[in-house]
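1. prediction below, plus the sequence it came from.
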Amino acid sequence: MTATLDGTAVQQYETPHITSQKVVGMLKGIQFAVIVTAGALLLAVGNAMITGKTIKGDARQTVQLALSLQRHGIMSLDTAPPRQPSMEREPVPVLMVAATLAVTDRVAGRANMDQYLIGDRVKNLKRVDLFWLAIIYVSAFWALTLFIESFAVRLGGAVLACIPILVESLKSNAALEAMYSDVGAAAMLLVASSTCVVAARRRTSWGFLCAGACFGLLALIKASVMYVFVGVIAAFAAYLLLDGKRSPVGHIAKVSMALLIGFAVVVAPWMVRNHQHFGVYQIAERGGQVLMIRATKNMMTPEEYLGSFYFWAPHGRFIIGPILGFTPDDLNKRGGRLQHLNRENQSDFNLDDRAAERAGQPEKAVSYYRRARAEWRRMILECTAEGAQYPSLCADKELKKRALALIVQHPFRHLAMTIPFLWRGALFASASLAGALCLAWRRRSLDFGLFLMPALGLTMFYALFSHFIPRYGEPLIPTTMVALVVSITMLRRAPAVGGAAIPSPG
């Protein structure tokens, strides 16, 4: 109440005052709610796609290792005592499944191995990948925040990064339905790549230690990252040399050491464990087997080389076939022009090839793939006969030596085969990432280039040293989608005057 000059009392009302800080706070609250809602919808869709269908191949081994770890305290593929330790697979996926097994056992009671391969129990195990899907969503949003100001673009890009995982899950034995390590690798690749950018911008030792640790976790999901990490260190060094701040050599050495320490802290305990049991500082075996498959396929004839673009076409084989002059019979019939390329079940020599593999008789196998696998089996039988304590590791080491010798004998064949293997495993990713790197260079966005390097390094590693089946390319896709969104946003901006780097958020 206030009084006028004549003493009359009147009621005074104050107008509510809304500060700009309150408006910003309200907007951030709404944005957070939108982020959470979109993420929840993605996870709900992913959960609906997960079925109780049986798991196969690598995923069965992961479950066996996890079951052995959870119930007997040792990662082993043996189903009965005495259980020997195994380094067949990387540890992080096994640890994740073992934790899920423990929860499932507590809720539903213990069950034997077969009950965890099909039905409701395997659905629970497959849901581990929903955690990784959430990490992909959050880390994609974070990565886009490093380069893009628009909230709508960030949100749309984060959702877009998850869509290929959901689409792949519609297929049998793929993505969320497969329970392979690829979804986890996709998540950690995004996290590690984003951490690279933050570390480079802030230039603190803790930032580089964290970046190294993230790559260590990624290596414990995909062992091949250990080799790619060397390239990541080189990329950091190049960044510090080219960013215009003229970092001294001592600082670059300090950064490299911090990266190595962060990586080693995560990876070394597992490698020491493997050295104690197997006498080797490795993350996993199987490298020799994969390298032998690649070295064997290097021996393609010119006609088979051309036919590989037909057989390994990501889509549209029915279009490419007539253009190149190949038909399904060339692949599926014994004596067909492309019979050596075919590892699929519908060929009329598939059963004989599998029998040759089991018997360790590569000379009786038709396909290059089964020949290499039969050679691996033959080496296991030989190592067993010689009394090797770990025959599979013995065979893997010997195959690696033989495969490298073949590659060295035919280096130009090996390099030439890189093209069809890129076509097979990462046509979209390799083209998109390479284009994004060119754009980053033209716009002098060194931090965007640094973000791209781990994915590009992993792509080239698979192209050079593996048979690059399409599944190997799955971890690259979310990072590729983020790179595409950033690239499109860059192209919509006008280049800075004089070609200087375009400023990024943060």
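-> That came through, no problem. This structure is a prediction, so every number in the text was calculated from the model and none was measured.
2. any weak-confidence spans in this protein?
-> In the predicted model of the chain, residues 1-18, 494-506 satisfy pLDDT under 70.
3. domain parsing for it?
-> Domains of the chain are assigned by automatic domain parsing as 24-129, 135-234+419-499.
4. count of neighbours near the residue lying closest to Asp243 once chain neighbours are set aside?
-> Distances taken as Cβ to Cβ, 6 or more residues apart in numbering put Leu446 closest to Asp243, at 5.4 Å, once the chain neighbours are dropped. Where you see a C-beta, it was placed from the backbone N, CA and C, and this is true even at glycine. When neighbours are defined as other Cβ atoms under 10 Å, Leu446 has 20 of them.
5. distance of Leu446 relative to Thr479?
-> Relative to Thr479, Leu446 is positioned 18 Å away (Cβ to Cβ, to the nearest Å).
6. the residue nearest to Asp243: what's it in contact with?
-> Residues near Leu446 by Cβ atoms under 8 Å, 6 or more residues apart in numbering: 200, 239, 242-243, 440, 501.
7. hmm, back to that, just the domains of the chain: most buried one?
-> domain 135-234+419-499 (a mean of 21; mean count of other Cβ atoms under 10 Å).
8. what about it, distance to the chain center?
-> Computed by Cα atoms, centre = their mean, to the nearest Å, the chain-centroid distance of domain 135-234+419-499 equals 9 Å.
9. what of stretch 242-249?
-> The answer for stretch 242-249 is 31 Å, by Cα atoms, centre = their mean.
10. show me which residues of that stretch are buried.
-> 243, 247 (16 or more other Cβ atoms under 10 Å).
11. which residues sit against it?
-> 200, 240-241, 446.
12. pretty sure Ile118 is in a strand, no?
-> No: judged by DSSP: H, G, I helix; E, B strand; the rest coil, Ile118 forms no part of a strand; its state is coil.
13. check contacts around Leu117.
-> Leu117 is in contact with 54-55, 60, 63, counting by Cβ under 8 Å, 6+ apart.
14. what packs against whatever helix or strand Ala403 lives in?
-> Under the criterion of DSSP states H and E, Ala403 resides in helix 391-409. Secondary-structure packing of helix 391-409 (3 or more Cβ pairs under 8 Å, 6 or more residues apart in numbering; DSSP states H and E): helix 287-297, helix 368-385.
15. pretty sure Leu338 contacts Tyr305?
-> No: contact criterion Cβ atoms under 8 Å: Leu338 and Tyr305 do not qualify, at 10.4 Å.
16. compare the two (neighbour count), which wins?
-> Leu338 (24 against 17).
17. could you pull up phi and psi at that one?
-> Note on Leu338: its backbone torsions stand at phi -120, psi 20 [degrees, to the nearest 10].
18. and Glu344, by the same measure?
-> Main-chain torsions, Glu344, degrees, to the nearest 10: phi -80, psi 170.
19. relative to Gln339, how far out is the closest residue in space to it that isn't next to it in sequence?
-> Leaving aside its sequence neighbours, Glu344 sits nearest to Asn350 (Cβ to Cβ, 6+ apart; 7.2 Å). Separation of Asn350 from Gln339 (Cβ to Cβ) stands at 11 Å.
20. more crowded one of these two?
-> It is Gln339, of Asn350 and Gln339, that has more neighbours when counted by other Cβ under 10 Å, with 21 against 17.
21. quick check, that one in contact with Phe326.
-> No: when contacts are counted by Cβ under 8 Å, Gln339 is not listed as touching Phe326 (11.8 Å).
22. the strand or helix carrying Val34 - contacts with which helices or strands?
-> Using DSSP H and E, the element containing Val34 is helix 20-49. Here helix 20-49 is seen to pack against helix 128-145, helix 151-168 when contacts are counted using 3+ Cβ pairs under 8 Å, 6+ apart.
23. now the nearest residue to Val290 once chain neighbours are set aside: how far from Asp396?
-> Taking Cβ to Cβ, 6+ apart, and ignoring the residues beside it in sequence, Val290 has Ser466 as its nearest neighbour in space, at 5.1 Å. Ser466 is 14 Å from Asp396, where distance means Cβ to Cβ.
24. try Gln21
-> 61 Å.
25. higher neighbour count, these two?
-> Asp396 (27 against 8).
26. give the contact list for the residue lying closest to that one once chain neighbours are set aside.
-> Counting by Cβ to Cβ, 6+ apart, Gly288 is the residue found nearest to Asp396 once chain neighbours are left out, at 3.9 Å. The contact partners of Gly288, by Cβ under 8 Å, 6+ apart, come to 376, 395-401, 403.
27. what subset of the residues you listed is buried?
-> Looks like the contacts of Gly288 have 376, 395-400, 403 buried, using 16+ other Cβ under 10 Å.
28. and the nearest residue to Leu341 once chain neighbours are set aside, backbone torsions?
-> Among residues not flanking Leu341 along the chain, Phe311 sits closest, at 5.1 Å (Cβ to Cβ, 6+ apart). Dihedral pair for Phe311: phi -70, psi -40, per degrees, to the nearest 10.
29. surely Phe311 and Leu331 touch.
-> Yes: the pair Phe311 and Leu331 passes the contact test of Cβ under 8 Å, sitting 6.0 Å apart.
30. what's the overlap in contacts for the two?
-> 338, 341-342.
31. may I see those residues organised as JSON lines, with distance to Ala111 added?
-> Below are these laid out as JSON lines (distance: Cβ to Cβ, whole Å):
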{"residue": "Leu338", "distance to Ala111": "44"}
{"residue": "Leu341", "distance to Ala111": "41"}
{"residue": "Asn342", "distance to Ala111": "38"}
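32. nearest to Phe215, of those?
-> Nearest to Phe215 among those: Leu341, at 34.5 Å, using Cβ to Cβ.
33. from Gly360, how far off is that closest one?
-> Leu341 is 22 Å from Gly360, by Cβ to Cβ.
34. so what's the residue count around Ser367?
-> 25.
35. near the closest residue to it other than its chain neighbours, how many other residues are there?
-> Spatial nearest neighbour of Ser367, excluding adjacent residues (Cβ to Cβ, 6+ apart): Arg343 at 5.1 Å. By other Cβ under 10 Å, the residues close to Arg343 number 19.
36. what are the boundaries of the strands in this protein?
-> Using DSSP state E, the strands of the chain run over residues 2-3, 9-10.
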